[in-house]
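*Asks:* Sequence plus predicted model, see below.
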Amino acid sequence: MSSKRSSATRGRSQRQLRMGELIRKALSDILTQGLVNDDRIEAAVITVSEARVSPDLKNVTVFTLPLGGENQDAIVEAMNDHKKFIRGQLSRLVTMKYTPQLNFELDTSFDNFSKIDTVLRSPHVARDLENDQDEDGNSDTNSGGE
């Protein structure tokens with residue numbers, strides 16, 4: 001059995017993270033400049049939240065979300081429809097040995113953050129926080145209600 005851990009176990013390398021951020025910024029610039037001629041994309045303000053680069057730097061999963069969350073599926077579909085054009089524009093902005101294949105996906109992390117925030121603000125959690133403060137004798141600590 002090999003002593004090397006898989007790339008999924010140890011996480012992304014510094015090189016992957018750096019290239020992902022360069023690609024994310026370049027894709028944001030492409031969308032901001034309005035280079036993609038599609039009514040679905042032009043009508044929306046699109047956030048490129050993350051670009052996950054494969055270990056060989058040949059594939060990138062791009063997580064996008066339209067501002068306001070409207071027409072999410074249509075916008076991701078439009079981005080995937082124009083991924084060859086976007087890839088060509090990306091090759092002009094980022095110098096790489098190989099321009100990676102792009103795959104656009106909907107970013108659901110904001111929904112997850114919202115769910116966690118709702119749970120943390122629920123009365124049950126607030127009650128538990130109050131009980132912990134009473135037991136510690138620190139009733140003057142801030143419970144985040146500001």
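*Replies:* Great, that's in hand.
*Asks:* remind me, longest helix of this protein?
*Replies:* Ranked by residue count under DSSP state H, the longest helix found in the chain is helix 14-32.
*Asks:* what does that helix contact?
*Replies:* When contacts are taken as CB atoms under 8 Å, 6 or more residues apart in numbering, the neighbours of helix 14-32 outside the stretch itself are 12, 36, 41, 46, 48-55, 57, 60, 62, 86, 89-90, 93-94, 96, 100. (Each C-beta comes from the backbone N, C-alpha and C, glycine too.)
*Asks:* Quick one: mean pLDDT for that helix?
*Replies:* In this model, helix 14-32 carries a mean pLDDT of 94.
*Asks:* Beyond that helix, next helix or strand please.
*Replies:* helix 39-42 (DSSP states H and E).
*Asks:* mean confidence for that next one?
*Replies:* 86.
*Asks:* Summarise which helices and strands that helix is packed against.
*Replies:* The helices and strands touching helix 39-42, judged by 3 or more CB pairs under 8 Å, 6 or more residues apart in numbering; DSSP states H and E, are helix 72-81.
*Asks:* Tell me how confident the model is about the helix it packs on, as a mean pLDDT.
*Replies:* In this model, helix 72-81 has an average pLDDT of 91.
*Asks:* any idea how far it is from the chain center?
*Replies:* From the chain centre to the centre of helix 72-81 is a distance of 16 Å (CA atoms, centre = their mean, to the nearest Å).
*Asks:* Go through the longest helix of the chain and flag the buried ones.
*Replies:* By neighbour count, with 16 or more other CB atoms under 10 Å as the criterion, the buried positions of helix 14-32 are 16, 19, 20, 22, 23, 24, 26, 27, 28, 30, 31.
*Asks:* With only the CA atoms kept, save it in PDB.
*Replies:* Backbone C-alpha positions of helix 14-32 (Å, rounded to 0.1, in the frame of the first residue of the first chain) are rendered in PDB as follows:
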ATOM      1  CA  GLN A  14      -1.100  25.800  -3.500                       C
ATOM      2  CA  ARG A  15      -0.700  25.700  -7.200                       C
ATOM      3  CA  GLN A  16      -4.400  24.600  -7.700                       C
ATOM      4  CA  LEU A  17      -5.600  27.400  -5.400                       C
ATOM      5  CA  ARG A  18      -3.500  30.000  -7.100                       C
ATOM      6  CA  MET A  19      -4.600  29.000 -10.600                       C
ATOM      7  CA  GLY A  20      -8.200  28.700  -9.400                       C
ATOM      8  CA  GLU A  21      -8.100  32.300  -8.200                       C
ATOM      9  CA  LEU A  22      -6.500  33.600 -11.400                       C
ATOM     10  CA  ILE A  23      -9.200  31.800 -13.400                       C
ATOM     11  CA  ARG A  24     -12.000  33.100 -11.200                       C
ATOM     12  CA  LYS A  25     -10.800  36.700 -11.600                       C
ATOM     13  CA  ALA A  26     -10.400  36.300 -15.400                       C
ATOM     14  CA  LEU A  27     -13.900  34.800 -15.700                       C
ATOM     15  CA  SER A  28     -15.400  37.600 -13.700                       C
ATOM     16  CA  ASP A  29     -13.700  40.100 -16.000                       C
ATOM     17  CA  ILE A  30     -15.100  38.300 -19.100                       C
ATOM     18  CA  LEU A  31     -18.600  38.500 -17.700                       C
ATOM     19  CA  THR A  32     -18.200  42.100 -16.500                       C
END
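*Asks:* No more questions from me, cheers.
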